[in-house]
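S.K.: quick one: sequence and predicted model below, then my questions.
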Amino acid sequence: MTVFKYTQALYMQRLGSGGSGRPSFNSGRGGGQLVCPAVIPPQALGFRRTQPTRDHLLLWDYQGTLFMLRNGVMSSLHGQLTWRRAARPSILCRHAKDFAVDPRSDISHRMYVYVLVSRLDAPLAPNAAGTSGSTLSPQRCDCVEVYQQDNGLRVFRMTFHASLTFTQIRLTGTEFNRSLLLLTNTGKVYVLYVNEAHLNTPRSYTVQLSLKKISSLMPTMSIRKLHTGFNSALYLTTEGTVYIEVHSAGVYRQLFGSNVGFDPQDIHVPMPLSIPNKVVKCSMSLTHLGLVDDCGQLYMQGCNRYGQLGTGDKIDRGEPTKVALSSALVDVWCGLNHSLALLQGGSGSREVHGCGCGAGGRLPGRPAGSAVFVKLSVQAPRCTRSICASKDCLYLLCSFDIEEPPVTYPMPVEAKDKQERDVHKERERLSTHLTLMKDCDSMQEQLDMLRGTIQTHMTLSSTHRDFLDQALTTIQHSSSSPMDS
C-alpha cells in the first residue's frame, strides 16, 4: 500500500499548438514542457489504467474502483486550449474487473463506458407452500454495466450465469453494431452484440452470448489478453503467440499491404502474426500495430505513410518488423498516424519518444514529424508506467505495477565480451591447478593444494570457507589414520 501511494499519479501535457515545444504552460529544463498533475482521488490504491473520453478521464485502481475525473483541458474565449483545475473526482463504479470504451482515436465517439463488474446476487427460493422460503447463499456473478460518459448514469446492465467468470472486456465495431469481446478466466473468448441506439429505451433488451471462432476452432488455446481496433481484434495467448482478425477489407489492406487472404464471407478467422520471441505487450490503432517481446524489442506492422512505424522510411510493412530503440522499452502506444514509446534509461529516468505525423502537436517538439523514434519535449516522471493520448492531451500514468516484470537492461557488448574473457581465463587457471593436483605424490599434497586454490581463487562467504576448511581437515585426518594405511 505504501508503494502504491508513493508512486501513483496522473500527469497531462497539452498538445495542439501548445505541444510544439514552445512554452505554453510551464517550461521544463532542456526546453521541454512540464506536465500538469491531475487531481488524484485520495481513496485510490494504485492506478492500473486510464482512458480519456470526451468530458472525463477514467481512472481504474487496484481495488476495482473506477473513477471519473473532469478533463483538465478546455477552450478559451479566443478558441485556444487552456488548463483548468479538475473538479473533485467521482466514483463511477466499484468492484470493476475491467472497462472498455470505443477504440477509435477520436474520443468524441466514446459516448458510453462498458464496465465488467462482479456483483453479489442472492435470490429468494420459495417453498412448496408458496410462502417465502429461505434465502440462497449469495453468489457472485459477473455483469456488464453500461454508463453514459457525460453524466455517469447507468443505462444498461446484463448479468451472466455464475459459472461464467470473465477477466477482460474490449469493444469493436460501430455504435449500431457494437461487438463486446469477453475473456474468461480459462482463456476462452465470447462475443455479444449491442445496438447503442437501444440502450436508452425503457424496455427489455436481450443479447445473446456466443463463443468466438478463435476459441471454437482452437479449443485448447488459452488467450491471455485482448486488444481491439475499430475493425480488428488481436489475441495474445499464454504462450506468447499472437493472432489477429480483421473485419474490414480496407483495414486488412492497411495492415497487410494487400487484400490477398481476406475473405469477406468469413471475417472472424484468426491469422497468426509471427515474431522470434514471446509477445508480452501490444498496442493497436486503425491502420498499424506494435508488438513488444519478452526481450524488450519492438515490432511494428501496417501502414507507414507518415513514418508511424519508426522504421526510418515510409514503406508499409505487411508483417511485424523489428524497430530500433535507443534504450529499454516500457510501453508503446499507437495513435492515428503516429506512435509513442516510453523508454527507460540506465539511470532509471523515463523519456517519451515518438514517430510519424507531427501535425497538431502529436509529437511535442517535432512538428515536422519523424520516420524514426526520436525524443519528444515531454518531461516524464521517473515512475511513469504507461502513456496514451487524445487529440488535445498526452496522459502519463504513474504507479507501481504488481503484474508487470521489472524493466531489464541488455548487457552492453563490451561488458559481455569482457565477462566471457574473464570466465575463460578463470577456467584455464583452475584447469592448470587440477593438472598439478593430479601430479602430486600423496593425498596430503593434493589436499594442501586444494585448500590453497580455494583460499586464493574462489570468493566464498566466511561460513562456506570455514566449512570447506573443516571438511578438508577431516579428510586429511581420515587419510592418515592407521585403518586407512
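M.R.: Yep, that arrived.
S.K.: longest helix in this protein, by residue count?
M.R.: helix 413-438 (DSSP state H).
S.K.: quick one: average pLDDT of it?
M.R.: Helix 413-438 shows a mean pLDDT of 77.
S.K.: please name every helix or strand in contact with the next helix or strand after that helix.
M.R.: For helix 413-438, the following helix or strand on the C-terminal side (DSSP states H and E) is helix 443-457. With contacts taken as 3 or more C-beta pairs under 8 Å, 6 or more residues apart in numbering; DSSP states H and E, helix 443-457 sits against helix 413-438, helix 462-479. Every residue, glycine included, has its C-beta placed from N, CA and C.
S.K.: pull the distance from the first one to the chain's centre.
M.R.: To tie it back to what came earlier, the one meant is helix 413-438. Put simply, helix 413-438 sits 42 Å off its chain's centre (C-alpha atoms, centre = their mean, to the nearest Å).
S.K.: just want the angle from it to helix 443-457.
M.R.: 160 degrees (axes from the mean of the first three to the mean of the last three C-alpha atoms, to 10 degrees).
S.K.: then the shortest one?
M.R.: Relative orientation of helix 462-479 and helix 443-457, computed by the same axes, to 10 degrees: 170 degrees.
S.K.: quick one on the thing from earlier: in the longest helix of the chain, what's buried?
M.R.: By neighbour count with 16 or more other C-beta atoms under 10 Å, helix 413-438 contains no buried residues.
S.K.: number the chain from 33, please
M.R.: OK, 33 is where the count begins now, so the last one is helix 445-470.
S.K.: and that helix, what does it pack onto?
M.R.: helix 475-489.
S.K.: what mean pLDDT does the helix it packs on have?
M.R.: Mean predicted confidence for helix 475-489 is 79.
S.K.: pull the distance from that helix to the chain's centre.
M.R.: 54 Å.
S.K.: for the nearest residue to His141 once chain neighbours are set aside, helix, strand, or coil?
M.R.: Leaving out its chain neighbours, the residue that sits closest to His141 by C-beta to C-beta, 6 or more residues apart in numbering is Asp134, at 4.3 Å. Secondary structure, DSSP: H, G, I helix; E, B strand; the rest coil: Asp134 is coil.
S.K.: dump the helices and strands packed on helix 475-489 into CSV; add distance to Gly378 as well.
M.R.: Formatted as CSV, the helices and strands packed on helix 475-489 follow (distance: least, C-beta to C-beta, whole Å):
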stretch, distance to Gly378
helix 445-470, 12
helix 494-511, 33
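S.K.: nearest to Phe294, out of those helices?
M.R.: Checking the helices and strands packed on helix 475-489 against Phe294 by C-beta to C-beta gives helix 445-470 as the closest, at 42.8 Å.
S.K.: hmm, back to that, out of the helices and strands packed on helix 475-489, which is closest to Gln376?
M.R.: Short answer: helix 445-470, nearest of the helices and strands packed on helix 475-489 by C-beta to C-beta, at 18.4 Å.
S.K.: what bits of the stretch 133-282 of the chain have low per-residue confidence?
M.R.: 154-168, 234-238 (pLDDT under 70).
S.K.: ranges for the helices of it?
M.R.: All helices of the stretch 133-282 of the chain, identified by DSSP state H, counting those that start in this stretch, fall at 245-249, 281-288.
S.K.: ignoring the adjacent residues along the chain, who's closest to the residue most central in space within the chain?
M.R.: Closest residue to the average C-alpha location of the chain: Lys313 at 5.2 Å, with C-alpha atoms, centre = their mean. Of all residues not flanking Lys313 in the chain, Val324 sits nearest, at 4.0 Å (C-beta to C-beta, 6+ apart).
S.K.: packing partners for the helix or strand hosting the one you found?
M.R.: Taking DSSP H and E as the criterion, Val324 maps to strand 320-325. Applying 3+ C-beta pairs under 8 Å, 6+ apart, one finds that strand 320-325 contacts helix 281-288, strand 311-316, strand 330-334, strand 360-366.
S.K.: switch these over to JSON lines; also include distance to Gln476.
M.R.: What follows is the helices and strands packed on strand 320-325, written out as JSON lines (distance: least, C-beta to C-beta, whole Å):
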{"stretch": "helix 281-288", "distance to Gln476": "75"}
{"stretch": "strand 311-316", "distance to Gln476": "57"}
{"stretch": "strand 330-334", "distance to Gln476": "61"}
{"stretch": "strand 360-366", "distance to Gln476": "54"}
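S.K.: ok, which of these comes nearest Val404?
M.R.: strand 330-334 (11.4 Å).
S.K.: ok, back up a step: looking at the helices and strands packed on strand 320-325, which is closest to Trp92?
M.R.: Here strand 360-366 is closest among these (C-beta to C-beta), at 16.1 Å.
S.K.: what angle sits between the closest one and strand 311-316?
M.R.: 30 degrees.
S.K.: now strand 360-366, how far from the centre of its chain.
M.R.: 8 Å.
S.K.: now do it against strand 330-334, angle only.
M.R.: Strand 360-366 runs at 20 degrees relative to strand 330-334, counting by the same axes, to 10 degrees.
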